[in-house]
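S.K.: Provided below for reference: sequence and predicted model.
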Number of protein chains: 2
Amino acid sequence: MKKNSLTLSLPEWIDDFLKQYQFPLVSNEERMRFVLKLTLQNIEKTTGGPFGAAVFERESGQLVSVGVNVVLNQGCSAAHAEMMAIMLAQQELGTHDLGIADLPEFQLVTSGKMCAMCLGSVVWSGVSEVLASAQPEDVENIVGFDEGPAPADYDQQLEKRGISIIPSFLREEGCAVLQRYVELEGVVYNPSRNS
Amino acid sequence: MKKNSLTLSLPEWIDDFLKQYQFPLVSNEERMRFVLKLTLQNIEKTTGGPFGAAVFERESGQLVSVGVNVVLNQGCSAAHAEMMAIMLAQQELGTHDLGIADLPEFQLVTSGKMCAMCLGSVVWSGVSEVLASAQPEDVENIVGFDEGPAPADYDQQLEKRGISIIPSFLREEGCAVLQRYVELEGVVYNPSRNS
């Protein structure tokens, strides 16, 4: 009999981390600083890759969910911060579609502009805005991850589907967080190619 | 306290379905016919979208995992067939990287060439080959799903990372399966855009 179910979990320190904050976080700057702090915590506690994300109610700044990269400790190459935040938001709200009319609009805040997988996931998710710090080339150049096959007209692919994107927001701070991962010799878990 | 864990499950009929087969499945044709039958079952039992996938040991044809689309019944926009099959294979084998040297090479067999999210996921997964039936434009034209922002040089993006792709394999049969979903008035769950 094959496995037919899987569980993905965030690190245990998340609850205590969230207790340090009072929500809502009204400005984009507050929201991004929160996500960068979350990311730094994931690095310092060595619980995963140097990425964090959160889903907020876009207008109110109420927190819906958070995610950090747990690829290594969950043994799951899809367990990126953005994927975790989106999937947990959907579980929280009981729908696969965060864009339905009887819910407020949602914003995904992410420490690094999404890899190709997470970009595709954002398009399916129903979020209406993305706020991102480090650029994909920062992730590739500073840390060495392969961010995958995103299209050349990345931002336009979101915009034409009605999803706003604010890239490079507090980008220097986002890059400093990536740099911290390198300093601590975090694992660059690109897949092996045994062929 | 926010949710910090989520579980994704395949439909209960999967175990009985698998009992009808004897593994390994040696040829690509056998493997694809198995995946198309799995997909048809997901449609007929109305347990999800018209997509199925499986991870096989590439050489032996031994089955590692299966996945079907469970977006609606799991309330998770990322719960595509390919994502489920890859994540379950990684759980089965206890690693986020299906490309590591002490494992055999793995092949992802999918009823429809992957959407942008699943393409990105394949790149992270460590699989060394993809065998796909319906083309993304079949999925868009026959059913009406938005397959997302994949790059123009889709196949080359895989090949340059050492991942082989065999597209349009039994494509007519793959399209017939999509057509069955339309006949049964399956839900086209593109996200809403409430902005």
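M.R.: Perfect, I can see it now. Residues are numbered from 1 along each chain as shown, chains lettered A, B, ... in the order given.

S.K.: who touches A:T46 in this structure?
M.R.: Going by Cβ atoms under 8 Å, 6 or more residues apart in numbering or on different chains, A:T46 touches A:184, A:186. Glycine gets a C-beta too; all of them are placed from N, C-alpha and C.

S.K.: cool, and A:G112?
M.R.: For A:G112, the contacting residues are A:50-51, A:132-136, A:138-139, A:174, A:178, by Cβ under 8 Å, 6+ apart.

S.K.: so what's the backbone phi/psi at it?
M.R.: With angles defined as degrees, to the nearest 10, A:G112 sits at phi -140, psi 130.

S.K.: Mind listing what's buried along the longest helix along chain A?
M.R.: In chain A, with assignment by DSSP state H, the single longest helix is helix A:28-44. Counting neighbours by 16 or more other Cβ atoms under 10 Å in any protein chain shown, one finds that the buried residues in helix A:28-44 are A:28, A:31-43.

S.K.: Assign A:L98 to helix, strand or coil.
M.R.: Under DSSP: H, G, I helix; E, B strand; the rest coil, A:L98 falls in the coil class.

S.K.: Run a quick neighbour tally on it.
M.R.: By other Cβ atoms under 10 Å in any protein chain shown, 26 other residues sit near A:L98.

S.K.: all helices of chain A, in order?
M.R.: With DSSP H as the criterion, chain A has helices at A:14-19, A:28-44, A:71-74, A:81-93, A:116-125, A:136-138, A:154-159, A:171-183.

S.K.: Between the buried residues of helix A:28-44, which sits nearest B:L170?
M.R.: Distance to B:L170 across those (Cβ to Cβ) is lowest for A:N42, with 43.2 Å.

S.K.: re the thing from before, which strands and helices sit next to the longest helix of chain A?
M.R.: Helix A:28-44 sits against helix A:14-19, strand A:52-57, strand A:63-68, strand A:106-112, strand A:129-134, helix A:171-183, with contacts defined as 3 or more Cβ pairs under 8 Å, 6 or more residues apart in numbering or on different chains; DSSP states H and E.

S.K.: Mean pLDDT for those - can I get that in TSV?
M.R.: As requested, those are exported to TSV (pLDDT from 0 to 100):
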stretch	mean pLDDT
helix A:14-19	97
strand A:52-57	98
strand A:63-68	98
strand A:106-112	98
strand A:129-134	98
helix A:171-183	98
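
S.K.: on that earlier part again, Serialize the buried residues of helix A:28-44 to TSV and add fields for pLDDT.
M.R.: Converted to TSV, the buried residues of helix A:28-44 look like this (pLDDT from 0 to 100):
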residue	pLDDT
A:N28	98
A:R31	98
A:M32	98
A:R33	98
A:F34	98
A:V35	98
A:L36	98
A:K37	98
A:L38	98
A:T39	98
A:L40	98
A:Q41	98
A:N42	98
A:I43	98
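
S.K.: mind putting those residues in CSV, distance to A:D155 included?
M.R.: Shown next, in CSV, are those (distance: Cβ to Cβ, whole Å):
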residue, distance to A:D155
A:N28, 17
A:R31, 19
A:M32, 18
A:R33, 23
A:F34, 23
A:V35, 19
A:L36, 21
A:K37, 26
A:L38, 24
A:T39, 22
A:L40, 26
A:Q41, 29
A:N42, 26
A:I43, 27
